[in-house]
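[1] Next input, structure requested:
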Amino acid sequence: IPLLIVNSFLITITYLQHTHPALPHYDSTEWQWLKGALSTVNRDYGVLNKVFHNITDTHVARHLFSTIPHYHAMEATKAIKPILGEYSQFDGTPICKALWREAKECLCVEAEEGSQNRGVFWYRNQYRQLKVLNS
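    Numbers count the residues shown, from 1 in each chain. Model prediction:
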C-alpha cells in the first residue's frame, strides 16, 4: 500500500509538471536544451511542497540546474524568476482541478495552424480526423 501511494504521487506530480495547455512541445527541428528545460510548470501542492522537498514548486529551476540541492531550490527559483519572465511557468490551480483539466484538455499535440514554426506543437483537446487524399 505505501508503495502504491508513493508511486501515485510520483506519477501525478510528473504528469502535472509536464502537461499543461500553455507548454509547447518540440520536434527535432526546433528542440534545443533550453527550450526543453523550460517546457515544464511549477505547481503549488500546499503543505505537500515541503513534504516533497519542493520538487513540485521549484521544478523549472530543477530542469535548469539538475544538481541543485533541495534546500537551495526555493532560493534559485526566486532568483531566476525575474530573469526568465514569462518562461517561468507557474500554475496555482488546485491539484484535483488541474488533473481533471489536463486529462480533459491535453489529449494530443499538434502544430499550430498557419504557424511558421512547424516543429512546435501545442496540446489540443480533441483528436482531428485524418484526411486521406486520393491522388
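
[2] So which residues of this protein form strands?
    Ranges of strands within the chain are 25-26, 42-43, 90-91, 108-111, 120-124, based on DSSP state E.

[3] mean confidence score for the last one?
    To tie it back to what came earlier, the one meant is strand 120-124. Averaging the model's pLDDT scores along strand 120-124 yields 87.

[4] what's the burial count for E112?
    13 (other CB atoms under 10 Å). Every residue, glycine included, has its C-beta placed from N, CA and C.

[5] Ok, the one 3 residues further on next?
    Residues near S115, counting by other CB under 10 Å, number 11.

[6] Likewise for the one 3 residues further on?
    Neighbours of R118 under the rule other CB under 10 Å: 11.

[7] ok so, going back, so which of the strands of the chain is the most packed in?
    Per-stretch averages of neighbours, counted by mean count of other CB atoms under 10 Å, single out strand 42-43 among the strands of the chain, with a mean of 22.

[8] Any chance you could list what contacts it?
    Under the criterion CB atoms under 8 Å, 6 or more residues apart in numbering, residues 16-17, 56-60, 77, 88-93, 95, 98 lie in contact with strand 42-43.
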